[in-house]
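Chemist: From the sequence below, what's the structure:
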Amino acid sequence: MKILLVCAGGASTSILMKKMKKYAEDNRFELEVAAKGVNDYDDYSAQFDLILLGPQISYKQTEIEESSKKPVAVIAPYDYAVGNVENIFQQIDPILQKNNISKR
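Modeler: Coordinates of the predicted model:
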C-alpha cells in the first residue's frame, strides 16, 4: 500500500508519516508513505494508491481527486492532531477495500 500525505507545507504530515511507518511495521503490513505540501503533491501523486489530506486543506479534496484521479480522504481532525494512526487506518479501511488496495 502506498499513501501520500498532503498538508499545507508538509511538516505536520512528516511527523504523522513516521508514526504510520512504525504502526505498519508493528502490525506487519507493507506501507510506503510520503509527506508533501499541497503545492508539491501533483508531482508525486501518480506513484501512490491513496492520498490523505490534513484537515487544514480539506477544502482541496475535490480538486486533488480530479487532478490526481486517486482516492482522496481527509484525516479526522483529532486523529491528525494527536497522531492516532490506528484510527486513521480504521478510517481509510473502507476506502482501501472499495478501491481494491491491499493492506497486506
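Chemist: contacts and neighbour counts: CA atoms only from here.
Modeler: Noted.
Chemist: Show me which positions of the helix or strand harbouring residue 66 end up buried.
Modeler: For residue 66, the element it lies in under DSSP states H and E is helix 61-68. Judged by neighbour count using 16 or more other C-alpha atoms under 10 Å, the buried positions of helix 61-68 are 61, 64, 68.
Chemist: same question, stretch 14-31
Modeler: 14, 16, 17, 19, 20, 21, 23, 24, 31.
Chemist: I'd like to know which of those residues is nearest to residue 43.
Modeler: Nearest to residue 43, judged by C-alpha to C-alpha, of the buried residues of stretch 14-31 is residue 14 at 17.2 Å.
Chemist: before we move on, back to that, want to throw the buried residues of stretch 14-31 into JSON lines with pLDDT and secondary structure?
Modeler: Output for the buried residues of stretch 14-31, formatted as JSON lines (pLDDT from 0 to 100; DSSP: H, G, I helix; E, B strand; the rest coil):
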{"residue": "14", "pLDDT": "85", "secondary structure": "helix"}
{"residue": "16", "pLDDT": "92", "secondary structure": "helix"}
{"residue": "17", "pLDDT": "93", "secondary structure": "helix"}
{"residue": "19", "pLDDT": "94", "secondary structure": "helix"}
{"residue": "20", "pLDDT": "95", "secondary structure": "helix"}
{"residue": "21", "pLDDT": "94", "secondary structure": "helix"}
{"residue": "23", "pLDDT": "93", "secondary structure": "helix"}
{"residue": "24", "pLDDT": "92", "secondary structure": "helix"}
{"residue": "31", "pLDDT": "92", "secondary structure": "coil"}
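Chemist: With that, I have no additional questions.
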